[in-house]
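> What follows is a predicted protein model with its sequence.
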Amino acid sequence: LLGCELTASTKSYTFQVDEDDDSDHILALSVVCLTDGAKDECNVVEVVGRNHENQEIAVPVANLKLSCQPLLSLDNFKLQPPVTFRLAAGSGPVHLSGWHRIMHREEASLEDDDLSEEDEEELPPIKPAKK
């Protein structure tokens, strides 16, 4: 599970994996919410990552305010590490929670092998429809 808190003193949190790790990693963001001590101000949380051209991009994913929207469900918004969560506006505290899944390359290749075996399975010949 992933959990971090963004505050006025800790405005960002970076989730990254070891560069030598050849596994596939998925990070899913589930909930972003204001926690005890939050002021009634806009708290904007951004996700900072890289696009397909390896350029850094920042996308706001939550705008929370204690009086009208203190919590936001992101329905397991999937990201690929490395990714940084940043408190772009407000003083928080904002808590982020989600999960981290590791898929080892051996598992992925085994799943591919299973699929290819199914594809090779012979199907009965198609018979013409009766008139």
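Yep, that arrived. It should be emphasised that the depicted structure is a prediction, and the values quoted were computed from it without experimental measurement.
> pLDDT-wise, which helix or strand of the protein ranks last?
helix 105-120 (a mean of 54; mean pLDDT, DSSP states H and E).
> so where's this protein uncertain?
Where the chain drops to pLDDT under 70, the residues are 1, 21, 105-131.
> try 90
Low-confidence segments of the chain (pLDDT under 90): 1-3, 15-27, 49-56, 77-82, 100-131.
> what about V94, how many residues close to it?
24 (other CB atoms under 10 Å). Backbone N, C-alpha and C define where each C-beta goes, glycine included.
> ditto for L2
Here the number of neighbours of L2 (other CB under 10 Å) works out to 15.
> which residue packs closest to it, ignoring adjacent ones?
In space, and not counting its chain neighbours, L2 is closest to G98: 4.5 Å by CB to CB, 6 or more residues apart in numbering.
> got the contact list for that neighbour?
Contact analysis of G98 by CB atoms under 8 Å, 6 or more residues apart in numbering lists 1-3, 27-31, 74, 76-77.
> Kindly recompute the last result at 10 Å.
Contacts here follow CB atoms under 10 Å, 6 or more residues apart in numbering; on that basis G98 touches 1-4, 15, 27-32, 74, 76-79, 85.
> Within its sheet, name the partner strands of the helix or strand hosting S97 and how each one runs.
Applying DSSP states H and E as the criterion places S97 in strand 94-103. Within its sheet, strand 94-103 is paired with strand 2-6 (antiparallel), strand 24-34 (antiparallel), according to DSSP bridges.
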